[in-house]
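Trainee: no sequence for this one, just the structure:
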């Protein structure tokens, strides 16, 4: 079902926990003139300065002091929210479980304003925080309490045009069950050499003493079997994830030619620069790693620039998601909602937990045996197996299946007392190179 509801609409958006505006920038690039930001908040004053220098407005401050009634009406909510531990002692797994956390403020705004869509961004490990319970609370609030249809995926910045290994989890939600797909990773040929500045101030080069200290630090950890320590990124390589603090810079060192005028400091405190030409990347190089244009301004100190970029997002990833959300909203194709019974939801929740905990093994016969065990012990109460497979596909369980596993499945089908289920399971898998994927049942 499709309507013209959003075809020529200018979408109003708000940007929560905006930082320096990376998420908003990605949406502006994707939606172009069809998006209007009506509200933003950010508590860090230095980040607010950078935001204002680039977008002309100073965001509102502490979100816990903002009344949702005071926020203008909007269509899309954006938030790269901090991950706080939830108190779920009662295990209600609902709206009340989030009180006292910053996610609760997002949920309150969604509940009050009821926008058409949202994008939430967080660290990859949010899904596994507190053994998955924190993430389950978030999902339950968004779906059960607030009535959104959600899509969840971990995407890596290196797959979207920037040479940085940065994985983040993204939650996309629609009030209607829109036909939506996350963007497909691109063939990325970008490397560190593509983002380095041609001329770099000598202050970015490590002193001889500093480098020797880093070497000793790494040697101590290596002796203990740890992998901590500085890292030099080859020119044809990609950067480690940018993070705040000295470690973020030390794990992304680069090697330049030794410049004759770069080895001695000025004044009485003379320090020899290191003889290997190792230096930290500059804030502008970090900005390029995050996909910010060179025109983006940083009216703050070097330390604050690093901090802001380490806390920001990879703009090209946001832009790619925003483009897919724009298509979904403008096409407005509504997908039929699955009507699952309570016992079906319980089983699907169990399947999801098994997937998260890697209970589906990579060994084919054990995988099929686990399904057989469900059947024999009558744990499987679902009559519509297509619905089960749809949810398995949603959580990408199908990616654990390989060609050997399907062979075992065929053998077990012939001997199964509930062969009809395994027959259905087999028929909806189809071979694609070295993996088996699921067909689309929309």
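Mentor: Nice, thanks for sending it over. Worth saying up front: this structure is predicted, and the values here are computed from it rather than measured.
Trainee: contacts and neighbour counts: CA atoms only from here.
Mentor: OK.
Trainee: And stretch 7-27, what's buried?
Mentor: For stretch 7-27, burial by neighbour count (16 or more other C-alpha atoms under 10 Å) applies to 11-27.
Trainee: And for stretch 60-71?
Mentor: Within stretch 60-71, the residues that qualify as buried are 60-61, 63, 68, counting by 16+ other C-alpha under 10 Å.
Trainee: still on that earlier bit, now intersect the buried residues of stretch 7-27 with the helices, please.
Mentor: Under the assignment DSSP state H, these contribute 22-27 to helices.
Trainee: Nearest to residue 144, out of those: which one, please.
Mentor: residue 23 (26.3 Å; C-alpha to C-alpha).
Trainee: And the closest one, what's its pLDDT?
Mentor: Looking at residue 23, its pLDDT reads 98.
Trainee: just checking, it touches residue 77?
Mentor: No: counting by C-alpha atoms under 8 Å, residue 23 does not reach residue 77; the two are 10.7 Å apart.
Trainee: So, low pLDDT: which residues of the stretch 201-350 of the chain?
Mentor: 225, 227, 246, 258-272, 336-350 (pLDDT under 70).
Trainee: let's go with 80 and repeat that
Mentor: Within the stretch 201-350 of the chain, the segments meeting pLDDT under 80 span 221-229, 245-248, 257-274, 333-350.
Trainee: would you list every one of the strands in it?
Mentor: Under the criterion DSSP state E, counting those that start in this stretch, the stretch 201-350 of the chain contains strands at 254-255, 278-279.
Trainee: Buried deepest among these, which one?
Mentor: Across these, averaging neighbours per residue (mean count of other C-alpha atoms under 10 Å) puts strand 278-279 on top, at a mean of 22.
Trainee: tell me what it is packed against?
Mentor: Applying 3 or more C-alpha pairs under 8 Å, 6 or more residues apart in numbering; DSSP states H and E, we find strand 278-279 packed against strand 254-255.
Trainee: packing partners for the strand it packs on?
Mentor: Judged by 3+ C-alpha pairs under 8 Å, 6+ apart, strand 254-255 is in contact with strand 278-279.
Trainee: Mind listing residues that contact stretch 20-29?
Mentor: Residues outside stretch 20-29 that contact it (C-alpha atoms under 8 Å, 6 or more residues apart in numbering): 15, 18, 35, 47-48, 50-51, 78-80, 292, 308, 312-320, 322-323.
Trainee: My understanding was that residue 158 contacts residue 165; is that so?
Mentor: Yes: using C-alpha under 8 Å, residue 158 is in contact with residue 165, at 5.3 Å.
Trainee: Which residues are in contact with each of the two?
Mentor: Counting by C-alpha under 8 Å, 6+ apart, the shared contacts of residue 158 and residue 165 are residue 238.
Trainee: And these two? Which one has more around it.
Mentor: Remark: of residue 158 and residue 165, residue 158 carries more neighbours, 28 against 15, as counted by other C-alpha atoms under 10 Å.
Trainee: okay, and the common contacts of residue 23 and residue 77?
Mentor: In terms of C-alpha under 8 Å, 6+ apart, residue 23 and residue 77 are both contacted by the residues residue 15.
Trainee: Let me see the ranges of the helices in the stretch 201-350 of the chain.
Mentor: Per DSSP state H, counting those that start in this stretch, the stretch 201-350 of the chain carries helices over the ranges 208-223, 246-250, 283-289, 302-310, 315-331, 342-356.
Trainee: would you turn those into JSON lines with distance to residue 131 and mean neighbour count?
Mentor: Formatted as JSON lines, the entries for those read as follows, by distance: least, C-alpha to C-alpha, whole Å; neighbours: other C-alpha atoms under 10 Å:
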{"stretch": "helix 208-223", "distance to residue 131": "28", "mean neighbour count": "14"}
{"stretch": "helix 246-250", "distance to residue 131": "27", "mean neighbour count": "18"}
{"stretch": "helix 283-289", "distance to residue 131": "32", "mean neighbour count": "23"}
{"stretch": "helix 302-310", "distance to residue 131": "26", "mean neighbour count": "20"}
{"stretch": "helix 315-331", "distance to residue 131": "27", "mean neighbour count": "22"}
{"stretch": "helix 342-356", "distance to residue 131": "9", "mean neighbour count": "15"}
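Trainee: Any idea which of those helices gets closest to residue 147?
Mentor: helix 342-356 (15.8 Å).
Trainee: Residue 255 contacts residue 277, correct?
Mentor: Yes: the criterion here is C-alpha under 8 Å, and residue 255 meets it with residue 277 at 5.3 Å.
Trainee: Of the helices of the stretch 201-350 of the chain, give the one that comes closest to residue 149.
Mentor: Residue 149 lies closest, by C-alpha to C-alpha, to one member of the helices of the stretch 201-350 of the chain: helix 315-331, at 12.7 Å.
Trainee: From the contact counts, what lies against that closest one?
Mentor: Judged by 3+ C-alpha pairs under 8 Å, 6+ apart, helix 315-331 is in contact with helix 22-31.
Trainee: going on from the helix it packs on, what's the next piece of helix or strand?
Mentor: Downstream of helix 22-31, the next assigned helix or strand under DSSP states H and E is strand 35-40.
Trainee: Next, the buried residues of that following strand.
Mentor: Residues 35-37, 39-40 are the ones in strand 35-40 that count as buried (16+ other C-alpha under 10 Å).
Trainee: ok, that strand: who's next to it in the sheet?
Mentor: Sheet pairing of strand 35-40 (DSSP bridges) gives strand 11-16 (parallel).
Trainee: So what touches the strand it pairs with?
Mentor: With contact meaning C-alpha under 8 Å, 6+ apart, strand 11-16 is reached by 21, 23-24, 34-42, 63, 73-81.
Trainee: repeat that with 7 Å
Mentor: The contact list for strand 11-16 (C-alpha atoms under 7 Å, 6 or more residues apart in numbering) reads 24, 34-42, 74-79.
Trainee: ditto for stretch 141-150
Mentor: For stretch 141-150, contacts defined as C-alpha under 7 Å, 6+ apart pick out 94-95, 111, 171-177.
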